[in-house]
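J.: Structure of the sequence below:
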Amino acid sequence: MKHPLPALRWPVFSFFAAALLGACSGEKQVQATPPPPEVKVVSLEARTISLTRELPGRISPFVVAEVRPQVGGIVKSVNFTEGGLVKAGQPLYVLDDDTLRADAGAARAQVAKAEATAAAARLTAQRTSELARIEAVSKQEAENAIAAQRQAEADVAATKAALARAQVLLAHARIESPITGRIGKSTVTRGALVTANQPQALATVQQLDPIYLDLTQSSSELLALRRQLASGKAREADLPVKVFLEDGTAYEHAGKLKFADATVDPATGSYLLRVVVPNPRNVLLPGMFVRAELGSAVRENALLVPQPAVARDPKGNTSVMLLDAQNKVVARPVRVSSAHGDAWLVEEGLAAGDRVIVEGLQKVKPGVVARVANEAPARAAAAPASAAAPK
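T.: Now for the predicted structure:
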C-alpha cells in the first residue's frame, strides 16, 4: 500500500516557491526606487551693503615742479643729493654770477646819478619859481624848470626799476627748489653751461605725501549707479577708497575721492576719478600700477546669491535652482549685477527666504524632490570686491 505523505510534497513545494518569487520581486521593487538626490542650499537674507567697484589706476604725484634756469651761466655747484628730500627755497644750483653782479653794480650807479640829477633839478625849479613870483624870470622859464625836475624824478624811478631787475637776475643765479618734495636725477653737472628758457629741465621735484591715484571708470557704470540713486534703490555715501598694490596686498592707508572728471574720453568711453591717498613712507611712487576698491553708494535690503548657484546659458541669461516648500526643485530666471566677494547682487527674480541650491546642481532637475543636506543663510563677504556682472 502506498504511503499518503509524498502526495503532499508538491503543494508544499509550490507554496515555498511562490513565497521565494514574491520576496525576489519585492526586493527588485525596493531597488528600483532610488533615494532623493542630496543638495546643499542657502536661505537668502536681505542686508545693507556698500556698492563698490574695483578699478585699475596709476599713481601720480601730488605736485610736480621742474627746476629750470631763469638766467644763463656756468654751474658752479650742485647742492643736493639725487633722490633725496629737498625743502622749498633750498638752493639746488649756484651759477657763476660775476656778470650779473657787475650789471647790478652798474644799475646801482645809474640810480645814484639819477638821484643827484633829480636833486639839482628840484633846487633849480624852486629858485625859478621864486624868481617867477617877482617877475625876475619869465613864466616859460619857470615851467621849463618844473618840467625838468619831473623828468629827473622819472629817471630816478626808471633807474631804480633797472636796479631791481638786475638784483632779481642776480638772485636767479641761485636756483632754489620751488616746493618741498623728493628730487630726481640732475641733468647737468658742475661746469655745465645753462641758459634761460632752455627746453631741458635741470631736475624735477615731486611732492609724494599725499599722492594722487588716478582711476578710470566706464561711463555706463556711472549711468547705472545714477539710475539706482534716482530710483531709491541706493543712497549716496562718501566711503573710503581701499588701495591694493601690484602684488595684491592691501595698502595700509585708505584714500578719499577728490573729484570726478566732467568729460568722458571719446576713445575709451571712460572718465577720470582722482583719489587722494596718504603716503607718509613713500610706498606709492609715481607711475605705479595699483587697484582700488571704490565705494560710491549704500544699498539697503539687498540680496546676495552665491556665484556657484548662478548658471548662464549661451545667450547670457542667468538662472538659479531653488527648493520650494515641498523640497521640489524649481528653476527660476534671475537678473544679477555687480559681484560682492563670492556672491552676485540680485536685481530681479529672488526674494528674502528663498532657498537656493549651491551644491548638487548636477544631480537635480526641475520637478525633482531633493533632500537638504546642509542649510545655512547666505552671508555677504566682510570686504567685498566688485567685478563686472553678467548681462
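
J.: Give me the packing partners of the helix or strand containing Gly105, helices and strands only.
T.: Assigned by DSSP states H and E, Gly105 belongs to helix 98-133. Under the contact criterion of 3 or more C-beta pairs under 8 Å, 6 or more residues apart in numbering; DSSP states H and E, helix 98-133 touches helix 139-171. (C-beta placed from N, C-alpha, C; glycine too.)

J.: Which SSE is immediately downstream of the helix it packs on?
T.: The helix or strand immediately downstream of helix 139-171 is strand 174-176, counting by DSSP H and E.

J.: Listing partners with orientation, what would you give for that following strand?
T.: Partners of strand 174-176 in the sheet, by DSSP bridges, are strand 91-95 (antiparallel).

J.: re earlier: now the helix holding Gly105, how far from the centre of its chain.
T.: Counting by C-alpha atoms, centre = their mean, to the nearest Å, helix 98-133 is centred 62 Å from the centre of its parent chain.

J.: can you check stretch 126-141 too?
T.: Relative to its parent chain, stretch 126-141 has a centroid offset of 79 Å by C-alpha atoms, centre = their mean.

J.: Helices of the protein, residue ranges please.
T.: Assigned by DSSP state H, the helices in the chain fall at 9-32, 98-133, 139-171, 219-231.

J.: hey, least reliable of those by pLDDT?
T.: If you rank the helices of the chain by mean pLDDT, helix 9-32 sits at the bottom with a mean of 50.

J.: and Gly73, bridged to which residues?
T.: Beta bridges link Gly73 to Val194, judged by DSSP bridges.

J.: Let me know whether it touches Tyr93 as I believe.
T.: No. Assessed by C-beta atoms under 8 Å, Gly73 is found out of contact with Tyr93, at 9.5 Å.

J.: who touches both of those two?
T.: Applying C-beta atoms under 8 Å, 6 or more residues apart in numbering, one finds that Gly73 and Tyr93 are jointly contacted by Val194.

J.: residues touching Ala166, list them.
T.: Residues near Ala166 by C-beta under 8 Å, 6+ apart: Leu100, Asp103, Ala104, Ala106, Ala107.

J.: Can you tell me how far the first one is from Val94?
T.: Pointing back at Leu100 there. 12 Å (C-beta to C-beta, to the nearest Å).

J.: ok, back up a step: can you list the contacts of Ala166 in JSON lines and add distance to Gln151 and neighbour count?
T.: Formatted as JSON lines, the contacts of Ala166 follow (distance: C-beta to C-beta, whole Å; neighbours: other C-beta atoms under 10 Å):
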{"residue": "Leu100", "distance to Gln151": "29", "neighbour count": "21"}
{"residue": "Asp103", "distance to Gln151": "25", "neighbour count": "18"}
{"residue": "Ala104", "distance to Gln151": "25", "neighbour count": "21"}
{"residue": "Ala106", "distance to Gln151": "21", "neighbour count": "13"}
{"residue": "Ala107", "distance to Gln151": "19", "neighbour count": "20"}
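
J.: between those residues, which is closest to Ala164?
T.: Ala107 (8.3 Å; C-beta to C-beta).

J.: Correct me if wrong: the closest one contacts Thr159.
T.: Yes. If you go by C-beta under 8 Å, Ala107 and Thr159 touch, sitting 6.9 Å apart.

J.: overlap in contacts of Leu100 and Val94?
T.: Contact criterion C-beta under 8 Å, 6+ apart; residues shared by Leu100 and Val94: Ala173.

J.: Going by neighbour count, list what's buried in stretch 34-44.
T.: Pro37, Val39, Lys40, Val41, Val42, Leu44 (16 or more other C-beta atoms under 10 Å).

J.: what does the average pLDDT come to for it?
T.: What stretch 34-44 shows for mean pLDDT is 87.

J.: That one: end-to-end distance?
T.: Length of stretch 34-44, first residue to last, C-alpha to C-alpha, to the nearest Å: 30 Å.

J.: can you list contacts of that stretch?
T.: Here stretch 34-44 makes contact (C-beta under 8 Å, 6+ apart) with 303-306, 309, 322-323, 327, 346, 350-361, 363-364, 368-378.
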